[in-house]
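J.: from the sequence below, what's the structure:
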Amino acid sequence: MPLVAAAVCPHPPLLVPEVAGAAAPELDDLRAAADAAVARLLAAEPEALLLLGAGPETARFNAADHGSLRPFGLRRDVRLWKVNCAGGDVLPLSLTIGAWLVNRSGTELPRLARAVATDASPAQCAALGAEVAADLDRRTALLVLGDGSACRGVTAPGYDDPRASAYDEGVAAALAGADVEALLGLDPVLSAELRAAGRAPWQVLAGAVRAAGGDWRGDVGYHRAPYGVAYLVANWERV
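T.: I've put the predicted structure just below:
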């Protein structure tokens with residue numbers, strides 16, 4: 001059973017305290033929840049980590065690749081694992097924040113990363129998830145990066161949309177129940193209208209778990225919408 005566990009975390013740049021500056025304490029609870037989710041992921045004793053997040057196109061990344069926080073005012077590169085001349089500054093935001101979370105844990109487990117195109121269809125996401133599961137050759141834990149809707153109130157990035165709360169509640173219920181079919185059933189059009197960056201990665205997770213087989217349980221450790229964006233933290237573990 002190469003896929004041993006999965007965790008879901010959001011990827012706002014403000015999760016990095018140096019980016020948030022004086023506002024950093026406002027996300028202390030989210031930071032703690034994400035740290036706890038990564039710790040639970042590592043407690044499954046994986047031999048490797050695979051990070052998965054949305055990007056402009058579906059792509060694989062190497063262990064030497066990195067991302068940058070320069071677009072957010074911080075002159076810092078975030079390594080995926082080992083930095084050498086073969087790597088490049090190529091990680092999208094989702095995987096950059098994911099790498100930051102993993103590095104923060106102190107683990108030295110080997111890690112790779114994959115991006116799924118933001119506009120990938122549910123069928124494409126499910127197929128990618130099955131491919132991810134089939135490619136694993138050792139005990140691997142999956143860290144999935146994705147935000148919920150960005151339309152939770154008039155100050156939200158996408159302004160207020162009355163559909164957003166129900167959408168996020170549905171995602172939270174699916175994550176809590178490890179409900180693969182509910183995640184695969186998320187409407188890509190509605191998700192895009194609500195600016196839910198996690199839709200495609202969540203559906204890849206669902207495809208991977210469905211392909212891996214077995215019984216899974218879910219647990220949601222955080223579900224709030226600071227700044228009008230829904231952030232969800234969850235763990236999926238084998239029963």
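
J.: now the spatially closest residue to Pro13 that is not a sequence neighbour: how far from Ala33?
T.: Using CB to CB, 6 or more residues apart in numbering and skipping residues adjacent in sequence, the residue nearest Pro13 is Phe72, 4.3 Å away. Where you see a C-beta, it was placed from the backbone N, CA and C, and this is true even at glycine. Distance from Phe72 to Ala33, counting by CB to CB, to the nearest Å: 21 Å.

J.: these two: which has the busier surroundings?
T.: Of the pair Phe72 and Ala33, Ala33 is the one with more neighbours under other CB atoms under 10 Å, namely 22 against 16.

J.: ok but that one is inside a helix, no?
T.: Yes - in this structure, Ala33 lies within a helix as judged by DSSP: H, G, I helix; E, B strand; the rest coil.

J.: mind checking how far the most centrally placed residue in the chain is from Val8?
T.: Per CA atoms, centre = their mean, the C-alpha nearest to the average position across the chain is that of Leu145, at 1.0 Å. From Leu145 across to Val8, the span is 8 Å (CB to CB).

J.: likewise Ala99?
T.: From Ala99 to Val8 the distance is 16 Å (CB to CB).

J.: just Val132 next, same as before
T.: For Val132 relative to Val8 (CB to CB), the value is 15 Å.

J.: neighbour-wise, which of those two wins?
T.: A count of neighbours by other CB under 10 Å puts Val8 above the other of Val132 and Val8, at 27 against 22.

J.: one step back: from memory the residue nearest to the centre of the chain sits against Leu51, does it?
T.: Yes - contact criterion CB atoms under 8 Å: Leu145 and Leu51 qualify, at 6.9 Å.

J.: so Val38 makes contact with Ser105?
T.: Yes - in this structure Val38 lies within contact range of Ser105 using CB under 8 Å: 4.9 Å.

J.: those two: which is more packed in?
T.: Under the neighbour definition other CB under 10 Å, Val38 and Ser105 were set side by side, and Val38 has more, 23 against 15.

J.: tell me which residues touch that one, please.
T.: Val38 sits next to Ala7, Cys9, Leu101, Val102, Arg104, Ser105, Leu143 when contact means CB atoms under 8 Å, 6 or more residues apart in numbering.

J.: residue contacts, the second one?
T.: What that stands for is Cys9. Cys9 makes contact with Ala34, Ala37, Val38, Gly98, Leu101, Leu143, Val144, Leu145, Val233, according to CB under 8 Å, 6+ apart.

J.: just the ones in helices from these, please.
T.: When DSSP state H is applied, the contacts of Cys9 are split such that Ala34, Ala37, Val38, Gly98, Leu101 fall in helices.

J.: so which pair among these is furthest apart in space?
T.: Maximum pairwise distance in these, criterion CB to CB, is 11.3 Å, between Ala37 and Gly98.

J.: who has more neighbours out of these two?
T.: Gly98 (31 against 23).

J.: what about the helices in the chain?
T.: Taking DSSP H as the criterion, the chain contains helices spanning 17-20, 28-43, 93-105, 122-135, 164-176, 180-184, 188-193, 199-212.

J.: buried sites along the first one?
T.: When you say that, I think you mean helix 17-20. For helix 17-20, a neighbour-count test (16 or more other CB atoms under 10 Å) marks Val19, Ala20 as buried.

J.: list the contacts of it.
T.: Pro13, Leu14, Ala24, Glu26, Leu27, Arg31, Leu69, Phe72, Gly73, Leu74, Arg76.
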